[in-house]
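Model the structure of this input:
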Amino acid sequence: MQPLRTLGLLLLMILLCDADSLCTDIITLDPPAVIGERGEFVEVNCSSTEVDHVGMYWRKSNSSSEDSEDEKSFIAEFLQLSDWNLTAECIVMLNDSFKCSKELEITIYNKLSVSMYPTKYVPGWEEGVFYELQCEIFEVAPVQNLVVKWYKDKNIIKTDTFTNTTKRPVDESSSLIVSISREDDGAQFWCEAFLDFGPNGIKTLVKSEVHNVSVFYAPELKGDKKGQYHFLEEGDGITMDCEAEGNPPPVFNWTGDGVYLPEKTSNLALSGVNNTMIYNCTAYNLLGSVTKWFKVEVIKPAAAPETISEVSATTVPETTTPTYTTPLTPGCPLTLTPPEVVVRYGDPISVNCSTSDPDAFIMGWEAIVGGTGVKPPPTVTWKVGKLREWAIRPTCFLTDKNNEQCVVTPVITVYKTPDTVSVSAEVPGPVVEGKDFLLTCNVINVAPVQNLTIKWYQGDKIVNTKTFNATTVTPVNVSSNLSVSAKREYNGLAYTCKAELHLGPAGPEPIPSVTSLPFIADVRYPPVIKERSSKVEVNPGENVTFPCSAEGNPPPMIHWNYSPAGNVKETTGGRHRDISITEATSTNAGVYICNATNDMGSVTKSVTVIVIKTPDTVSVSAEVPGPVVEGKDFLLTCKVINVAPVQNLTIKWYQVNKIVKTQTFHDTTVTPLNVSSNLSVSAKREYNGLAYTCKAELHIGPAGPELLPTSTSLPFIADVRYPPVIKEKSSNVEVNPGENVTFSCSAEGNPPPMIHWNYSPAVNVKETTGGRHKIISITEATSTNTGDYICNATNDMGSVTKSFTVIVLSKTSSGPSWLWILIILCVALLLLIIIMIIFHNRRRKNGQYSFVSTDDIQMTGKPVA
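Have a look, this model is predicted:
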């Protein structure tokens with residue numbers, strides 16, 4: 001026996017081992033695998049080559065289909081891809097004890113949503129510094145099929161895969177750390193995410209937004225980076241080049257002998273150079289600076305020998321030309337035209353000196369330049385083609401025939417407008433809001449300084465004026481300072497200074513002036529978002545857009561934080577970034593946070609989106625199901641499912657049409673919630689059968705829909721249980737023999753009471769039922785019907801009785817009652833006696849007289865009293 005058993009076991013094992021290959025051969029699934037988005041419906045077919053099976057069916061997630069086919073060779077099934085753990089297998093019953101099965105491979109995926117951003121905001125990336133980019137993939141499933149690729153200018157630079165085997169959605173991320181050089185300026189980075197289901201799988205590629213890289217580096221000089229020497233002749237010009245590159249593009253500052261010049265470009269053009277100077281060019285940006293120097297040497301020509309005028313011996317006597325430094329008398333007969341001259345340095349000048357004195361003998365001009373020597377009267381002119389002397393005092397002299405002399409000197413003011421007028425900051429570069437910054441106006445090579453006025457302008461507004469008291473007549477360099485407290489409203493304003501030479505009535509018109517190039521204030525301040533935090537209420541299916549615009553210096557970067565959705569898009573226009581929601585659903589409800597950031601700080605504002613969502617259901621239920629006993633309290637609960645916004649919800653309780661309770665809510669959650677309200681009722685019998693309902697109302701306000709969104713529950717009918725009450729009172733019923741009599745017993749209670757009569761039965765007594773009462777009818781009553789008829793009403797809550805006593809009168813007492821006749825006669829006799837007493841009393845009050853005949857009375861003479 002033992003060998004036979006062993007052989008049987010071996011045969012059974014062989015059969016079982018071959019069962020899988022057998023099942024694989026006879027079952028075909030179409031399609032053999034399903035890949036679909038969650039929520040989709042797919043149709044799958046199972047066919048079998050085994051025709052002699054006893055049945056085939058689908059089993060889904062451990063539950064068998066109710067449809068079993070025992071004659072067909074295939075069976076179809078519809079699957080909804082909603083359960084992440086969904087399984088399905090086709091089973092073929094070959095006989096009552098053996099079956100084959102094949103499981104369908106099911107892959108359910110979620111639609112991808114991707115966001116890419118730098119982990120740390122900077123306006124630009126510095127060369128050689130490492131930065132991190134983050135790629136966020138939200139609610140991804142199945143994550144083991146996720147592939148993330150990083151791109152730089154269309155080139156794949158990194159690929160990430162994931163090993164998590166969970167089927168449910170999870171949030172995943174991939175990071176990229178890069179270090180870039182200036183050659184990468186303008187490069188584009190982005191990430192792509194897709195679910196890899198093989199060569200024949202569904203394509204689910206999603207691309208993030210593109211991040212454009214701006215690479216910052218310090219300025220570097222182009223060309224000759226060393227200093228330069230330039231040799232010029234006086235009055236020549238030159239252009240000096242200081243070209244440099246950097247990112248941000250560099251700003252240029254020029255100085256001459258340490259004094260800031262107005263030029264802000266890489267080139268400095270000079271004309272009419274008169275002095276040797278050292279010029280420095282500085283190119284700077286946020287990351288550094290570089291300086292280049294230029295030395296300009298002016299080569300001046302040798303001075304010409306002074307020319308002395310001689311007097312002709314034939315026309316002038318041998319006398320020495322007198323020299324006078326001051327006029328002798330105020331009445332000197334010389335006239336100067338003009339007496340006062342204002343002349344620009346290097347311009348021509350002439351003054352006529354004339355006399356009307358007939359005794360004038362000789363006259364002339366004495367001056368360090370342009371002297372005339374001795375001339376015959378009456379007129380002599382001092383004339384210089386290019387006046388290049390600052391302290392010039394030419395003198396016109398006259399000697400008459402009596403050898404008396406006098407002199408006059410014109411008032412000459414030599415002026416020179418500045419070579420340059422420039423504004424510079426004590427500390428180059430931007431200034432932080434709230435800090436003071438000092439501006440300096442440098443006026444180079446101006447004369448005469450006592451006639452100089454420097455005016456400071458903020459835009460077109462004069463904010464400061466300065467004059468000078470020095471008496472120097474030669475050109476000087478002067479400066480004026482302006483201290484400014486940096487305010488954000490000053491950002492971008494132009495500060496200029498104007499140097500004006502007020503030379504009096506004889507001066508030129510208009511007043512000679514030179515204005516600096518503008519100094520543009522660069523005031524750095526943190527961002528300010530123009531819009532306030534707000535709430536936006538929207539009905540399902542509506543579109544809504546809300547902006548976020550910010551001001552700041554540097555211009556802020558604007559970024560929105562929110563739960564991504566397929567119907568939410570961001571658009572950029574100018575300095576604002578807008579959120580647009582198309583066909584809003586409850587999933588769009590939430591807080592959308594706008595963040596504006598620059599080097600000075602960051603600021604946020606929030607927009608709370610409230611999607612008006614009427615409840616899916618409103619229902620009323622009792623804490624304890626079933627009826628309630630009179631006098632007990634019972635608790636009703638109104639459940640409002642999936643409603644938003646709950647802070648606008650009002651629940652009203654109704655007892656039939658009467659409002660018995662109102663409840664509001666203060667939860668500020670904007671997404672749909674489930675809420676409830678309780679109503680405690682003390683059970684009374686009069687409440688039995690009454691309908692209790694609750695109504696959910698969304699009071700949105702003026703911005704809401706015209707018709708108040710409401711949802712009302714189905715009625716809850718109160719089932720109050722109480723013992724019976726018989727309406728009729730206990731009583732006696734008299735009936736004459738042979739008469740008919742009927743009396744009823746009706747009762748109320750819950751549950752409806754059962755009514756039962758207890759009495760001595762008789763053939764002429766019947767019970768009938770009508771509605772909720774039971775009637776006793778006696779036909780042709782006899783003395784046997786006399787007795788108590790007891791009505792008993794009973795329900796689950798108790799019982800109550802009422803008795804009716806039936807009295808059947810005897811025949812001798814039938815007809816008129818003698819007792820009643822006797823009573824009536826007694827009452828009549830009593831009334832007659834009362835009337836007689838009343839009449840007698842009235843006669844006594846009025847007097848009583850008797851009249852007799854005169855014949856019977858004797859008359860006397862006494863008067864009657």
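
What's the local residue count around residue 788?
13 (other CB atoms under 10 Å). All C-beta atoms are positioned from the backbone trio N, CA, C, and that covers glycine.

Could you list the alpha-carbon positions for the helix or strand that it is a member of in PDB?
Using DSSP states H and E, residue 788 sits within strand 787-795. Taking Å, rounded to 0.1, in the frame of the first residue of the first chain, the C-alpha atoms of strand 787-795 are listed here in PDB:
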ATOM      1  CA  GLY A 787     -75.400  45.800  33.500                       C
ATOM      2  CA  ASP A 788     -71.900  47.300  33.100                       C
ATOM      3  CA  TYR A 789     -70.400  47.500  29.700                       C
ATOM      4  CA  ILE A 790     -66.600  48.100  30.100                       C
ATOM      5  CA  CYS A 791     -64.400  49.500  27.300                       C
ATOM      6  CA  ASN A 792     -60.700  48.600  27.500                       C
ATOM      7  CA  ALA A 793     -58.100  50.400  25.200                       C
ATOM      8  CA  THR A 794     -54.600  48.800  25.100                       C
ATOM      9  CA  ASN A 795     -51.200  49.400  23.300                       C
END
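
Just checking: what are the partner strands of that strand?
Counting by DSSP bridges, the strands paired with strand 787-795 are strand 754-758 (antiparallel), strand 798-808 (antiparallel).

Rebuild those as CSV, extending it with mean pLDDT, mean neighbour count and distance to residue 345.
Shown next, in CSV, are the strands paired with strand 787-795 (pLDDT from 0 to 100; neighbours: other CB atoms under 10 Å; distance: least, CB to CB, whole Å):
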stretch, mean pLDDT, mean neighbour count, distance to residue 345
strand 754-758, 92, 15, 135
strand 798-808, 92, 16, 131
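
Among those, which comes closest to residue 710?
For those, proximity to residue 710 was assessed by CB to CB; strand 798-808 is nearest, at 42.8 Å.

Give me the mean pLDDT for the helix or strand following the closest one.
Going down the chain from strand 798-808, the next helix or strand is helix 818-846, by DSSP H and E. Helix 818-846 comes out with an average pLDDT of 79.

Going by neighbour count, list what's buried in helix 818-846.
Going by neighbour count (16 or more other CB atoms under 10 Å), nothing in helix 818-846 comes out as buried.

Same question for stretch 125-138.
125-127, 131, 133, 135-138.

Compile the residues you listed into a markdown table and extend it with columns for secondary structure and distance to residue 81.
Shown next, in a markdown table, are the buried residues of stretch 125-138 (DSSP: H, G, I helix; E, B strand; the rest coil; distance: CB to CB, whole Å):
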| residue | secondary structure | distance to residue 81 |
| --- | --- | --- |
| 125 | strand | 44 |
| 126 | strand | 49 |
| 127 | coil | 50 |
| 131 | strand | 41 |
| 133 | strand | 34 |
| 135 | strand | 27 |
| 136 | strand | 25 |
| 137 | strand | 20 |
| 138 | strand | 20 |
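
surely residue 530 meets residue 556?
No - taking contact to mean CB atoms under 8 Å, the distance of 11.5 Å between residue 530 and residue 556 leaves them out of contact.

Which of the two has more residues huddled nearby?
residue 556 (26 against 13).

residue contacts, that one?
527, 550, 596-598, 602 (CB atoms under 8 Å, 6 or more residues apart in numbering).

farthest-separated two in those?
550 and 602 (9.8 Å).

can you list residues touching both of those two?
By CB under 8 Å, 6+ apart, the residues touching both residue 550 and residue 602 are 527, 556, 596.

okay, now the first one: neighbour count?
A total of 22 residues lie near residue 527 under the criterion other CB under 10 Å.

now swap in residue 203 and tell me
8.

hmm, back to that, mind putting the shared contacts of residue 550 and residue 602 into CSV with pLDDT, secondary structure and distance to residue 652?
Formatted as CSV, these follow (pLDDT from 0 to 100; DSSP: H, G, I helix; E, B strand; the rest coil; distance: CB to CB, whole Å):
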residue, pLDDT, secondary structure, distance to residue 652
527, 93, strand, 47
556, 89, coil, 48
596, 92, strand, 44
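
could you redo these as TSV and give each row distance to residue 377?
Putting those into TSV (distance: CB to CB, whole Å) gives the following:
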residue	distance to residue 377
527	83
556	82
596	86
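
Which of those sits closest to residue 232?
Distances from residue 232 to the shared contacts of residue 550 and residue 602, taken by CB to CB, are shortest for residue 556, at 48.8 Å.

gap between that closest one and residue 577?
10 Å (CB to CB, to the nearest Å).

One more: residue 346?
For residue 346 relative to residue 577 (CB to CB), the value is 60 Å.

higher neighbour count, those two?
residue 577 (19 against 14).

did I read that right, that one in a helix?
No - residue state for residue 577 (DSSP: H, G, I helix; E, B strand; the rest coil) corresponds to strand; a helix is not indicated.

wait, what's in contact with it?
547-549, 558-560, 570-571, 594.

how about 7 Å then?
Applying CB atoms under 7 Å, 6 or more residues apart in numbering to residue 577 gives the contacts 548, 558, 560, 570.

next one: residue 232
Residues 238, 273, 296, 298 are the ones in contact with residue 232 under the rule CB under 7 Å, 6+ apart.

what's the answer for residue 713, then?
Going by CB under 7 Å, 6+ apart, the list of residues near residue 713 reads 618-620, 638, 693-694.

Pull up the gap between it and residue 677, please.
In terms of CB to CB, residue 713 sits 11 Å off from residue 677.

Also residue 387?
Distance from residue 387 to residue 677, by CB to CB: 102 Å.

the more surrounded of those two?
residue 677 (22 against 19).

Having no further points to raise, I will conclude here.
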